[in-house]
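Enquirer: Attaching a predicted model along with its sequence, questions to come.
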Amino acid sequence: MEQTAKLLWDTMSESSRSHGETNDCTVRALTVVTGLPYDVCHAQLAKQGRKPRKGIHWFIEGPKAAEALGCKMRKMKRDEYSAKTMITAARDRKLANGRFAVLVRGHVAGMIDGEVVDWSDGRRHRIQAVYEVTGQAVAPVSPNAGPLPKGSSDWQSFRKYRKQDNLELF
C-alpha cells in the first residue's frame, strides 16, 4: 500500500478497534469510497441492518448505504474493466481514476484512483464485481445540531473548520 492508503487503513483500524468490530470490510469499503469518517459509515450500515461484529452483503446493502450518504453506486459490466484479481486491479487503466468497491468472494475492498486500500492488496483473490462510486458524500447532520455558527451558510460549510484553527465561530 502507498503511504496515504496505509494512513487511511490505520485510521480505519483504530476506529474499528474502538467499536470492538470484526467482519467490518463493508464499513471499511464504504469509508474508502465515500471519503466519510468510519463512524458515519458504521452508523449508516447499522441503519441498513448491519449487526455489530457481523458481516453484511455488499451488493444488497452497500448501494443503499452509499445512496443514503449522497453517493451513486453503479455495478460495472464485465467488459468495462480487464482486471481479474486484486493484483491486476491496481494495474487496470480503467480503474486508475475514480472510486471503486471491488467485490471478491466473501469480501469487499475499496479502491481510490487505482490504489487498493485493504489487506487484500496484492493478493490473488478473484474479482466477482466492481462498483463505481460517483457523487459527493455528505455527512448527516444531527437533528439536535442547533443554530448555525457565524459565517456559515450550512452545516457542510462549517465542517471545513477544525478545533485547532481557533476561529471565533459562535
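Expert: Done, it's in.

Enquirer: domains in this protein, as residue ranges please.
Expert: For the chain, the structural domains run 3-134, 140-170, going by automatic domain parsing.

Enquirer: just the helices in the protein please.
Expert: Using DSSP state H, the helices found in the chain span residues 3-19, 25-34, 38-47, 58-68, 86-89, 155-158.

Enquirer: that older thread, as a markdown table, the domains of the chain with mean pLDDT and mean neighbour count would be great.
Expert: In short, each C-beta sits where N, CA and C put it, glycine included. Output for the domains of the chain, formatted as a markdown table (pLDDT from 0 to 100; neighbours: other CB atoms under 10 Å):
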| stretch | mean pLDDT | mean neighbour count |
| --- | --- | --- |
| domain 3-134 | 92 | 18 |
| domain 140-170 | 51 | 10 |
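
Enquirer: The residue nearest to Ile112 when sequence neighbours are not counted: what's it in contact with?
Expert: Ranked by CB to CB, 6 or more residues apart in numbering and with sequence neighbours excluded, the top spatial neighbour of Ile112 is Arg99, at 5.5 Å. For Arg99, the contacting residues are Val32, Val33, Thr34, Gly35, Gly110, Met111, Ile112, Asp113, Glu132, Val133, Thr134, taking CB atoms under 8 Å, 6 or more residues apart in numbering as the criterion.
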